[in-house]
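Chemist: got a predicted structure plus its sequence, pasted below:
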Amino acid sequence: MIKYFVTYNFERIGVYEELKDAQQIIKDHPEYKKSKYTKKGIPRANYSELKRFAITDNNGDLYYIF
């Protein structure tokens, strides 16, 4: 079974069985603003001080955060 790991600033903040649940956790995170991040979870150039979000699975694959 695939598990999805959500990280913020390279620290795990949750483990989920559904990708949509992992994406929702990022959307609900107080530091997240969609306009400040790319689909891959990297802060846009104007917001370089922000920390990175990421979703990976137990196979090491990366997923879009929205």
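Modeler: Everything's here; your move.

Chemist: T56: how many residues sit nearby?
Modeler: 16 (other CB atoms under 10 Å). Backbone N, C-alpha and C define where each C-beta goes, glycine included.

Chemist: swap in E18?
Modeler: 11.

Chemist: so who does the residue nearest to it when sequence neighbours are not counted touch?
Modeler: The shortest distance from E18 to any residue other than its chain neighbours is 7.3 Å, reached at Y4 (CB to CB, 6 or more residues apart in numbering). The neighbours of Y4, taking CB atoms under 8 Å, 6 or more residues apart in numbering as the test, are V15, Y16, E17, E18, L19, D21, A22, I55, T56, D57, Y63.

Chemist: so which of these sit within strands?
Modeler: V15, Y16, I55, T56, D57, Y63 (DSSP state E).

Chemist: bridged to the residue nearest to the last one when sequence neighbours are not counted, which residues?
Modeler: The reference is to Y63. Nearest residue to Y63 in three dimensions, chain neighbours excluded: I55, at 4.3 Å (CB to CB, 6+ apart). Counting by DSSP bridges, I55 is bridged to V6, Y63.

Chemist: now for I55, how many residues are close by?
Modeler: I55: 23 neighbours (other CB under 10 Å).

Chemist: for it, what are its contacts?
Modeler: So I55 contacts 4-7, 19, 22-23, 26, 41, 62-65 (CB under 8 Å, 6+ apart).
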